[in-house]
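Asks: here is my input; please provide its structure:
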Amino acid sequence: MNQQPARETSVEQIRALGGLEFLRRIVRGELPQAPISATLNFRLASAEPGVVVFRGTPLRAFYNPMEAVHGGFSATLLDSALACAIVSTLEPGYASTTLEIKINFVRPITDETGEVAAEGRIIHPGKRIATSEAKLTDSGGKLLAHGTTTCMIMKM
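Replies: Sure, this is the predicted structure:
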């Protein structure tokens, strides 16, 4: 993955931008990817109103004792896609935080799976509570995991 140089985004920058513009600046490389992106080899790849895509490649370093990629890799990509689908609908000065997340793991992932994509879509863009859904698929479109989330919307 081509990771961005370590830079910090200020709260003032985030507060001044709407969620969609904030995410699009990350995609364009004008703002840094989240630090965890480097740790788990993934990135925000696209952002549209109510729809975001994260892409990542699982590594052998992510294996659990059962010789498969730890579920935390899938959970992190799905959580990112779920939350950012909601963020993409927020006006300047607002943020969200996860209240609940539910994930179903459908197939194992290995270091031979190749690049995976987590696509998050808004279900309900409420003023105080929002919900979204996401699917994690391999490059052939095969479903690996899916989930839903509920987030609280708050003024920054």
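Asks: look up how far Thr110 lies from Phe62.
Replies: Separation of Phe62 from Thr110 (C-beta to C-beta, to the nearest Å): 10 Å. From N, CA and C alone the C-beta is placed, and that goes for glycine too.
Asks: give the residues shared as contacts by these two.
Replies: Common neighbours of Phe62 and Thr110 (criterion: C-beta atoms under 8 Å, 6 or more residues apart in numbering): Val69.
Asks: tell me which element Ala75 is part of?
Replies: helix 71-87 (DSSP states H and E).
Asks: report the buried residues of that helix.
Replies: 73-87 (16 or more other C-beta atoms under 10 Å).
Asks: for the helix or strand just after that helix, buried residues please.
Replies: As assigned by DSSP H and E, the chain's next helix or strand after helix 71-87 is strand 94-105. Within strand 94-105, the residues scored as buried using 16+ other C-beta under 10 Å are Tyr94, Ala95, Ser96, Ile101, Ile103, Phe105.
Asks: pull out the buried positions in the lowest-mean-pLDDT helix or strand in the chain.
Replies: In the chain, no helix or strand scores lower on mean pLDDT, DSSP states H and E than helix 11-16, which sits at a mean of 81. Within helix 11-16, the residues scored as buried using 16+ other C-beta under 10 Å are Ile14.
Asks: now do the next helix or strand after it: distance to the chain's middle.
Replies: The helix or strand immediately downstream of helix 11-16 is helix 19-27, counting by DSSP H and E. Remark: helix 19-27 is offset 12 Å from the chain centroid, using C-alpha atoms, centre = their mean, to the nearest Å.
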